[in-house]
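In: Sharing a model that was predicted from the sequence below.
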Amino acid sequence: MKTLTLIDYIENKQATDVDFSEHYIREQTINNIAEMIVAARRKAHLTQAGLANKVGTKLSVISRIESGNSHFIPSIETLVRIAGALYMKLKLQLQP
């Protein structure tokens, strides 16, 4: 009997359930944004409070964005401001 891994389950579910697939992709995108911001902030040797100060927002906003929680999705404007504060550019890409 073949062992079913989490990756196998997710791939099967994505192939057979459109709603699941769309939700999974959305959640992955939110988590990827969070991970990129955390990595860039740390590379810049900034705390969350330091980044919040440079962006002109509250620490709680940066914390929520970095949590990857799908109940708090940052606006494009906020992401642009974060990128600018980190001396970076925001680059969005749509893929088929």
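Out: Received it, and whenever you're ready, just let me know what you need.

In: ranges for the strands of this protein?
Out: Using DSSP state E, the chain contains no strands.

In: what are the ranges of the helices in it?
Out: 6-16, 18-43, 48-55, 59-67, 76-85 (DSSP state H).

In: center of this structure, which residue is that?
Out: Against the mean C-alpha coordinate of the chain, by Cα atoms, centre = their mean, the closest residue is I33 at 2.3 Å.

In: How about the contacts made by that one?
Out: Applying Cβ atoms under 8 Å, 6 or more residues apart in numbering to I33 gives the contacts I65, G68, P74, L79. (C-beta placed from N, C-alpha, C; glycine too.)

In: Of those residues, just say which sits nearest to K2.
Out: Closest approach to K2 among these (Cβ to Cβ): G68, at 31.4 Å.

In: Look up how far N12 lies from that closest one.
Out: Distance of G68 to N12, given as Cβ to Cβ, to the nearest Å: 24 Å.

In: One more: H71?
Out: Distance of H71 to N12, given as Cβ to Cβ: 27 Å.
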